[in-house]
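Q: give me the fold of what follows.
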Amino acid sequence: MTDTDSSADQLDQLFAAPGDTPAVPTAKLPFDTLPDPAASQALPSAEEARIRAVQRFHSLMKSLTPVVWVTHTLLLANVVVYVIMVLQGTNPMLPIAADLVAWGANYAPLTWGGQPWRLVSSLFLHGGVFHLAFNMWALWNTGRFLERLVGNVGLLVVYFASGVLGSVASLWWNGDVVSVGASGAIFGLIGALLTFIWNRAETFPVADIVRMRSSLLSFIGYNLLFGTAVGGIDQAAHFGGLLGGLVCGLLLSQPLDQRTRQRRVFKNLITAAVCGLGIGILIFEHPAPPPDFFQETKAYDVLVPESIKKFDKMAEKFNQKKLSSLELANWLERDLLPPWRKVREHLESLSNVPVGRRDLLHQMRTDLILREESWDLLVDALRKNDVGKIAEFEEKQKQAQLIERKLYSKP
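A: As a prediction, the model looks like this:
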C-alpha cells in the first residue's frame, strides 16, 4: 500500500456521512507475494539443464559464425588433389617418394633450394588413401567447431600458420625427408582449440569442459606415441603444427559475445603477423640444403634395370649359341661395364649426405660393386674358361639381387 492510498482512506473516514459505515481498507499484497503459476512445475533435471546450456552455446556460436565454409573447402581441396594425382598415375595406396616430390612435397634440397612454395603445397598431398582418410576425418571433426569459435578467416590463419610451421620444423629436424600431409595443420587446429578452451573456460558449458579437454589431450598423446612407435611418421611436423596452433589459440581466444565479430579482424591480423614473423625467421636462418638425393641417384635408378635387362638378353643369346664366349666378354668390357663404373664412382663421390639417407646410399653402392665384380669375374671366366669363377659370378649376382629387392620395395 502506498502513502497516497493510505491518505485517501483516511480522508474517506474523515468525511464519511453520518450513519454511513466506514469503509474497511483493503490490504494490498506486494507483487512478489502473488502466486506464481509456474511455481508448481518441477525444476529441470541436471541433464536437461546441461542440454539447454549446450543448445544456448551452439546457438551463440552459430550467430557469430553463421556459415562454416572454410573447413569444407579445405577438405574438398585435399580430396581433389589426391584424385588428380591418382588419375595421373600415382599409386593410390603407397605413392613413391619421387612422385610426391614431383607433385610438390616438402623436400629440403628443393624447398631450401629456391622452392619455398613447397611448404604450402605439401599440406594438400598425402601418402595414400588411408593417410588422407584419417586426416580428413580429423579436419572435419575439429575444423567445423573451431571455425565457429574463431571465424572463417581465423580458421584459415590457424590452418596455414600451423601447417607451414610444421613443414619448417620438418625441414630443420629431418634433413631431406620427403614430407606430405595435412597432419601438421590439423595438430595446429587441435592445439588452438585446446588453448581456446583452457583460456576461455567460462565460455563453454561447464559439463563439457572436462570431456573436451580429455578428448583433445588423448588425441594428441595417442598420435604422438603411435608415431614414435611405428616410425615413418613426420613427428617434427606434428610438434611444429601443435606449437603453432597453441600460439594461434592464445592470440585468437576471446569471450564469445556480440563484440567478438568486431574484434576478429584485429585478432586475425595480429596472429598472422606474429606467426609470419616467426616462420620468416626460421626460413631466413635455415641450414644449408643437403644434396638432392633423388636427383643424384637418378642415374642409378635408370642404369640398374636397363643394364640387367641388356645382360639377360645377351646371356640368352650366349646360351643359344648365337654368341661366342669372346664376343660376350668383349661386349661386357666395352658396353656394359664403363657406364656402370661411372655411376658407381659418382655415388662414391657424394658427400654431405643426411644421416637418414646414408644407409640407402650404402646399399646402392654395395649393389653396384657386387654387380661390377660379378661381371669382371665373368669376363675372366669366359676368356680363360674358368668354371670356378663362374660359381663366384653367380654368388655375387644372387647377393646383388637380394639388395635390389629391398631397394625397389621401398617407397
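Q: list the helices and strands the helix or strand encompassing Ile186 packs on?
A: When secondary structure is defined by DSSP states H and E, Ile186 falls within helix 183-199. Counting contacts by 3 or more Cβ pairs under 8 Å, 6 or more residues apart in numbering; DSSP states H and E, helix 183-199 packs against helix 129-150, helix 152-174, helix 206-230, helix 235-252. The C-beta positions use only the backbone N, C-alpha and C, and glycine is treated the same way.
Q: make JSON lines out of those and add distance to Ile197, mean pLDDT and mean neighbour count.
A: Supplementary listing: the helices and strands packed on helix 183-199 in JSON lines, determined by distance: least, Cβ to Cβ, whole Å; pLDDT from 0 to 100; neighbours: other Cβ atoms under 10 Å:
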{"stretch": "helix 129-150", "distance to Ile197": "9", "mean pLDDT": "92", "mean neighbour count": "19"}
{"stretch": "helix 152-174", "distance to Ile197": "14", "mean pLDDT": "93", "mean neighbour count": "25"}
{"stretch": "helix 206-230", "distance to Ile197": "6", "mean pLDDT": "72", "mean neighbour count": "13"}
{"stretch": "helix 235-252", "distance to Ile197": "9", "mean pLDDT": "92", "mean neighbour count": "25"}
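Q: make CSV from these and add distance to Phe284 to it.
A: Converted to CSV, the helices and strands packed on helix 183-199 look like this (distance: least, Cβ to Cβ, whole Å):
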stretch, distance to Phe284
helix 129-150, 28
helix 152-174, 11
helix 206-230, 29
helix 235-252, 17
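Q: wait, which of these is closest to Asp367?
A: helix 152-174 (25.1 Å; Cβ to Cβ).
Q: helices and strands around the closest one, which ones?
A: helix 70-87, helix 108-111, helix 118-121, helix 129-150, helix 183-199, helix 235-252, helix 260-284.
Q: using CSV, write out every CA atom in it.
A: Output of helix 152-174 as CSV, limited to C-alpha atoms (Å, rounded to 0.1, in the frame of the first residue of the first chain):
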residue,chain,number,x,y,z
ASN,A,152,36.2,-18.2,-41.2
VAL,A,153,39.4,-16.1,-41.7
GLY,A,154,40.6,-17.2,-38.2
LEU,A,155,40.5,-20.8,-39.2
LEU,A,156,42.4,-20.1,-42.4
VAL,A,157,45.1,-18.3,-40.3
VAL,A,158,45.4,-21.2,-37.8
TYR,A,159,45.4,-23.9,-40.6
PHE,A,160,48.1,-22.3,-42.8
ALA,A,161,50.2,-20.9,-39.9
SER,A,162,50.3,-24.2,-38.1
GLY,A,163,50.8,-26.2,-41.3
VAL,A,164,53.7,-24.1,-42.6
LEU,A,165,55.3,-24.1,-39.2
GLY,A,166,55.1,-27.9,-39.2
SER,A,167,56.7,-28.0,-42.6
VAL,A,168,59.5,-25.8,-41.5
ALA,A,169,60.0,-27.9,-38.3
SER,A,170,60.2,-31.0,-40.5
LEU,A,171,63.0,-29.5,-42.6
TRP,A,172,65.0,-28.4,-39.6
TRP,A,173,64.7,-31.7,-37.9
ASN,A,174,64.6,-34.3,-40.6
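Q: residue ranges with poor pLDDT in the stretch 301-411 of the chain?
A: Scanning the stretch 301-411 of the chain for pLDDT under 70 picks out 409-411.
Q: then the stretch 51-200 of the chain?
A: Checking the stretch 51-200 of the chain against pLDDT under 70 turns up nothing.
Q: list the buried residues of the helix holding Ile186.
A: 183-197 (16 or more other Cβ atoms under 10 Å).
Q: and that helix, how far from the chain's centre?
A: For helix 183-199, the distance from its own C-alpha centre to the chain's C-alpha centre is 13 Å (Cα atoms, centre = their mean, to the nearest Å).
Q: hmm, back to that, wait, which of the buried residues of helix 183-199 is closest to Leu323?
A: Closest to Leu323, out of all of the buried residues of helix 183-199 and judged by Cβ to Cβ, is Ser183, at 55.4 Å.
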